[in-house]
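K.L.:
build me a model from this:
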Amino acid sequence: MEGPTHSPQRGLCTLGNAIRTAKYNLLTFLPLNLYEQFHRMANVYFVFVILLQIFLLLLVTSLGLAVASGFWARTFQEKHSYLAALYQHTSPAQQAFLNFWGFTILLSIIIPMSMYITFEFIYLVNSCFINWDLEMYYGAKDIPAEARSTSLSDQLGQIQYIFSDKTGTLTQNIMSFKKCCINGTIYGPGAGHENKHAPGSGLSRELAGEHKSDVGDVTLLEAARRDNDPVLREFLRLLALCHTVMVEDRGDQLVYQAASPDEEALVLAARNLGYVFLARTQDTITIRELGTTRTYEVLAMLDFNSDRKRMSVLVRDPQGTIRLYTKGADTVILERLRRRGPEETLTERALDVSEAEFHAWSRRHREAAVLLQDRAQELDRLYEEMEQNLQLLGATAIEDKLQDGVPETIQLLKLGNIKVWVLTGDKQETAMNIGYACRLLTDDMEILEEKEVSEILQAYWESNNNLSGSGDAPCSHRLSQQCPETPCHKRAIIISGDFLDKMLRTGEVLKEKKGWPWRWLCCDGAKASQDQGGLVEKAFVDLATSCQAVICCRVTPKQKALMVQLVKKHKKAVTLAIGDGANDVNMIKTADIGVGISGLEGLQAVQCSDYALAQFSFLQRLLLVHGRWNYLRICKFLRYFFYKTFAGLLAQVWFAFHSGFTAQPLYDGWFLALYNIFYTAYPVLSVGLLEQDVSAKKSLEFPELYVVGQQDELFNYRVFGVTLLHGVGTSLISFYITLWAFEDRVGTKAVGDYESFSVTVALSALLSVLVEIVLDTQYWTVLSFLMVTASLLLFCLFSFLTQSVDAYRIAPAIFRFPDASWNALTDPYVLLVVLLALVVNALPSLTVHAVRAILGTATTQQKLHLKAKREPPVELRSHVPRGSFRRRSSYAFSHREGYAGLITRGDSLRARDTLRARDTLRARDTLRARATHGSAPRAPRPRGTPAVPSVRCPAV
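P.N.:
Numbering: from 1, shown residues only. Alright, predicted model coming up:
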């Protein structure tokens, strides 16, 4: 169970390397990981467009054609000396220089300037598809899925590692008070005296707008009512006093507002047992103890944070006694007791403080509170001084249930080769049971605990003799061979945050082994220490990534972000982090993609995320359906955009070899202007928006198909090279078949001129591009058909408008191809030439499709029809190996400082009073308005507000 969650710090620092948690620069609005995105599949086109097309294709090609034009001009002048008068004022070098700029302008159309706009539009629409998906709509709370970022949808199809919080993410975050241990007596289910009351009685409460709180033990209620046990009395008083819950009294109703559900569950448990939290001011807390109202003076609140792992309140009771009440994780509470007590889940304790001790401590506390430097450290030191020699009162156990569909989701993600790591602040036993319940862990797995991890890493270092040279090589294979009898994919690692800290500080855990490599390490200087630290990180990451599951317990927000950073640093993998609270914000921002769960711990995680979901189970559809489809669409869009650009416009280059390298354009200017905007844009756009290889149902039935995106198979450097060659080949065939057909030939309508040649090449290239897209489109819709049809109709329409005789008469310098398309396309010879070029261009694609259909049938059938073996469901039960883990509390501490500062300063109380005054004035105006219209006033009652609960006693 994880505790109150608040906004964590934005900056993290581990091992001297700062972890940047912001994804965008606030000044430039550019991604901070822009260099990483260049190497991502989604943004690799930037590299090709800027570097390859601009510098290589444009500049190098223009330079080569310009040099060729200079040589051609010199040769032409030598052979045709009678035309020397035409070249008196120019030289071949000058002509080459001018032609260089002419070719640069002419070929600049190759740069797909419209691709960025189309690309962003595809991203936007695909994000809307996520928002509109009813399968990811949570009707119970009216929460749809939300794509808060529109530029990461394709990376959803490339996720390799998922880092998940537990409480509120895998579980429902609906806390219920189940057990407690007071003065050595355990109360609650399994204690042997529950369910002794008649049906309908007992300690249960189900009020509107609140979750159920069920103590489930009538013995505890009877003991609380008798009020003859001072330890039990102080225990319940602690639950009612030591918290930061705010209460609002609405006449006959009390409404609690807690920082987290677990803190509210403790206050509700005390309320059910007769200790009701009534009111809070800046300096006092009022509670009703078994019908008696008592007001306690708040002297100090020792706030909660992820380092202290505890919270305390120093109060003066009505009798004048000063007492310290503290609650927190057992790992820190048991160290501060006068003597060892029972070990359970959440530990509470109290301590009487003398007046002299308090006055001395209070004076130093006031001085520390006004310090300008190191104030937090000084306050923590004073808190530590006060919280010593405590008396143990008891321990509590709070239950949280697993969300629906979590086991099935994790199973599908594992079949899709996605590894799920759970990073939680809970104890190991709790996280381990949740791991088995959600099928992250299985009974046939080998669980590597901290001792085994240390031994494996130590054996790795000893086998490499030193930390240089071979230590830099990938070590996952060697690590997996430490226990060859167990396959690597049947392993899981369970470690704690303390172990992680010790191990990553240049191998402190391994130093304890006293191995000779570490003795050599300690004397090699600071630089060597940094290198060693990096190698320790890499060795641990290789070991962890070679396992199927990793569970990190008792981790803080900084450690969560550190785990994500380590995988990104050493594995270069696409990572996703999912959480529901402010303690997950660092992890969400550090990952490539952050997903926030709209849970009960506020909207901090959602506001910092890229995608917002209501349930963890929706993650399977987000990744396996939308993520894979978006990756497929973006890759096909990029491939065909480059192909159509090269296939249609590189004919300008081939025409230069037959026009004396004079930079004369082959196509009509209007064709060049409209080619990327109207003629070929819509079919490619339909592919980027609607393409599917399999349906959503098949995508979930066969999650193995997700591996394609992880391996970058659909668009990479090889695919881009093939696309470039394909486009060049299409342009060569379209140009030279037309050139061969038009040599020394005059048709029935005198077709053979420059304009007819241009129209024939343009139509051959355009139809070849459209046919290629049609052949490779796997999912046809009415919109897809309309897109292809619209391209042909727009070509005919604009050709008629821009090549009409009337337009030529109006502006002959602009419309220079009068009736060129009509004259050419009405000649059967030209149509046969276009058909020949189209068939030849389509033959390679048809051949590839036929070969794949013949040779790839068995493999495809295996992928789509061999069901992956589903592991049997595992019930939630204790799976603690004998002698592996000690039973410790599950009280979590992965959150930052709480709200005690706001309460003691009175900020939250003043804000509440302001809202209350505003509501009073609004209600008064409403009553006046009703009285004016003759209606009887009626006290407003907010919908769904709970009434004051009463302790329901068992029937006697």
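
K.L.:
which stretches of the stretch 251-400 of the chain form helices?
P.N.:
261-272, 330-333, 355-369, 375-386 (DSSP state H, counting those that start in this stretch).

K.L.:
closest to residue 719 out of these?
P.N.:
helix 261-272 (49.1 Å; Cβ to Cβ). C-betas here are computed from N, CA, C, even on glycine.

K.L.:
of the helices of the stretch 251-400 of the chain, which is nearest residue 764?
P.N.:
Closest approach to residue 764 among these (Cβ to Cβ): helix 261-272, 67.7 Å.

K.L.:
against which helices or strands is that closest one packed?
P.N.:
Contact partners of helix 261-272 among helices and strands, from 3 or more Cβ pairs under 8 Å, 6 or more residues apart in numbering; DSSP states H and E: strand 176-182, strand 213-214, helix 230-241, strand 254-257, strand 275-280, strand 391-399.

K.L.:
so which of the helices of the stretch 251-400 of the chain is the most surrounded?
P.N.:
helix 261-272 (a mean of 25; mean count of other Cβ atoms under 10 Å).

K.L.:
in the longest helix along the chain, which residues are buried?
P.N.:
In the chain, assigned by DSSP state H, the helix with the most residues is helix 828-855. Neighbour counts over helix 828-855 (16 or more other Cβ atoms under 10 Å) mark 829, 830, 833, 834, 836, 837, 838, 840, 841, 842, 845 as buried.

K.L.:
which strands or helices does it pack on?
P.N.:
Judged by 3+ Cβ pairs under 8 Å, 6+ apart, helix 828-855 is in contact with helix 717-742, helix 754-776.

K.L.:
closest one to residue 456 among these?
P.N.:
Per Cβ to Cβ, nearest to residue 456 of these: helix 717-742, 36.1 Å.

K.L.:
what angle sits between that closest one and helix 754-776?
P.N.:
Put simply, helix 717-742 runs at 140 degrees to helix 754-776, going by axes from the mean of the first three to the mean of the last three Cα atoms, to 10 degrees.

K.L.:
just give me the lowest mean pLDDT stretch among the helices of the stretch 251-400 of the chain.
P.N.:
Of all these, the minimum mean pLDDT falls on helix 330-333 (a mean of 80).

K.L.:
which neighbouring elements make contact with it?
P.N.:
Using 3+ Cβ pairs under 8 Å, 6+ apart as the test, helix 330-333 ends up in contact with strand 346-353.

K.L.:
still on that earlier bit, would you reformat the helices and strands packed on helix 261-272 as a markdown table and include distance to residue 428, mean pLDDT and mean neighbour count?
P.N.:
Below are those laid out as a markdown table (distance: least, Cβ to Cβ, whole Å; pLDDT from 0 to 100; neighbours: other Cβ atoms under 10 Å):
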| stretch | distance to residue 428 | mean pLDDT | mean neighbour count |
| --- | --- | --- | --- |
| strand 176-182 | 19 | 87 | 24 |
| strand 213-214 | 27 | 50 | 21 |
| helix 230-241 | 26 | 92 | 22 |
| strand 254-257 | 31 | 86 | 16 |
| strand 275-280 | 32 | 91 | 20 |
| strand 391-399 | 16 | 87 | 23 |
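
K.L.:
and of the ones you listed, who's closest to residue 684?
P.N.:
Of all these, strand 254-257 comes closest under Cβ to Cβ, at 52.8 Å.

K.L.:
and that closest one, how far from the chain's centre?
P.N.:
Here strand 254-257 is found 34 Å from its chain centre; the criterion is Cα atoms, centre = their mean, to the nearest Å.

K.L.:
can you list the strands that that strand pairs with?
P.N.:
In the sheet, strand 254-257 lines up against strand 246-249 (antiparallel) (DSSP bridges).

K.L.:
of all the helices of the stretch 251-400 of the chain, which lies closest to residue 627?
P.N.:
Residue 627 sits nearest to helix 261-272 of all the helices of the stretch 251-400 of the chain, at 30.7 Å, using Cβ to Cβ.

K.L.:
next one: the closest one to chain centre, how far?
P.N.:
Centroid displacement of helix 261-272 relative to its chain, using Cα atoms, centre = their mean, is 33 Å.

K.L.:
could you export that helix as CSV, CA atoms only?
P.N.:
Provided in CSV are the C-alpha atoms of helix 261-272 (Å, rounded to 0.1, in the frame of the first residue of the first chain):
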residue,chain,number,x,y,z
PRO,A,261,-7.1,6.8,0.2
ASP,A,262,-5.0,4.9,2.7
GLU,A,263,-4.9,7.9,5.1
GLU,A,264,-8.6,8.3,4.8
ALA,A,265,-9.1,4.6,5.5
LEU,A,266,-7.3,5.0,8.9
VAL,A,267,-9.4,8.0,9.9
LEU,A,268,-12.6,6.2,8.9
ALA,A,269,-11.5,3.2,10.9
ALA,A,270,-11.1,5.3,14.0
ARG,A,271,-14.4,7.0,13.2
ASN,A,272,-16.2,3.6,13.1
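
K.L.:
and the angle from that helix to helix 230-241?
P.N.:
Using the same axes, to 10 degrees: helix 261-272 against helix 230-241 is 130 degrees.

K.L.:
what angle do helix 261-272 and strand 391-399 make?
P.N.:
Angle between the axes of helix 261-272 and strand 391-399 is 110 degrees (criterion: the same axes, to 10 degrees).

K.L.:
about what we covered before: out of the helices and strands packed on helix 828-855, which is the most enclosed?
P.N.:
helix 754-776 (a mean of 22).

K.L.:
need the next SSE after it, C-terminal direction.
P.N.:
For helix 754-776, the succeeding helix or strand toward the C-terminus, using DSSP states H and E, is helix 782-802.

K.L.:
and that next one, what other elements does it pack with?
P.N.:
Applying 3+ Cβ pairs under 8 Å, 6+ apart, one finds that helix 782-802 contacts helix 669-674, helix 681-690, helix 754-776, helix 820-825.

K.L.:
you'd agree residue 282 is up against residue 301?
P.N.:
No - contact criterion Cβ atoms under 8 Å: residue 282 and residue 301 do not qualify, at 10.6 Å.

K.L.:
more neighbours: these two, which one.
P.N.:
Higher neighbour count among residue 282 and residue 301: residue 301, with 20 against 13, using other Cβ atoms under 10 Å.

K.L.:
distance of that one from residue 244?
P.N.:
Distance of residue 301 to residue 244, computed by Cβ to Cβ, to the nearest Å: 8 Å.

K.L.:
for the chain, which strand is longest?
P.N.:
Scanning the chain for the longest strand, with DSSP state E as the assignment, gives strand 292-302.

K.L.:
partners of that one in the sheet?
P.N.:
Partners of strand 292-302 in the sheet, by DSSP bridges, are strand 284-289 (antiparallel), strand 310-316 (antiparallel).

K.L.:
please work out which of the ones you listed is packed deepest.
P.N.:
When you average the neighbours per residue for each of the strands paired with strand 292-302 (mean count of other Cβ under 10 Å), strand 310-316 leads with a mean of 23.

K.L.:
any idea of the mean pLDDT for that strand?
P.N.:
For strand 310-316, the mean per-residue pLDDT is 91.

K.L.:
equivalent analysis for stretch 685-701, please.
P.N.:
91.

K.L.:
restricting to C-alpha, output it in PDB.
P.N.:
C-alpha atoms of stretch 685-701 as PDB (Å, rounded to 0.1, in the frame of the first residue of the first chain):
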ATOM      1  CA  LEU A 685      -3.000  10.200 -46.600                       C
ATOM      2  CA  SER A 686      -5.600   7.400 -46.600                       C
ATOM      3  CA  VAL A 687      -2.800   4.900 -46.000                       C
ATOM      4  CA  GLY A 688      -1.600   6.900 -43.000                       C
ATOM      5  CA  LEU A 689      -5.100   7.200 -41.500                       C
ATOM      6  CA  LEU A 690      -6.900   4.000 -42.300                       C
ATOM      7  CA  GLU A 691      -4.400   1.200 -43.000                       C
ATOM      8  CA  GLN A 692      -4.800  -2.000 -41.000                       C
ATOM      9  CA  ASP A 693      -3.100  -5.400 -41.600                       C
ATOM     10  CA  VAL A 694      -5.300  -7.300 -39.200                       C
ATOM     11  CA  SER A 695      -8.400  -6.300 -37.200                       C
ATOM     12  CA  ALA A 696      -8.400  -5.100 -33.600                       C
ATOM     13  CA  LYS A 697      -9.700  -8.500 -32.500                       C
ATOM     14  CA  LYS A 698      -6.900 -10.400 -34.300                       C
ATOM     15  CA  SER A 699      -4.400  -7.900 -32.900                       C
ATOM     16  CA  LEU A 700      -5.400  -8.900 -29.400                       C
ATOM     17  CA  GLU A 701      -5.700 -12.600 -30.200                       C
END
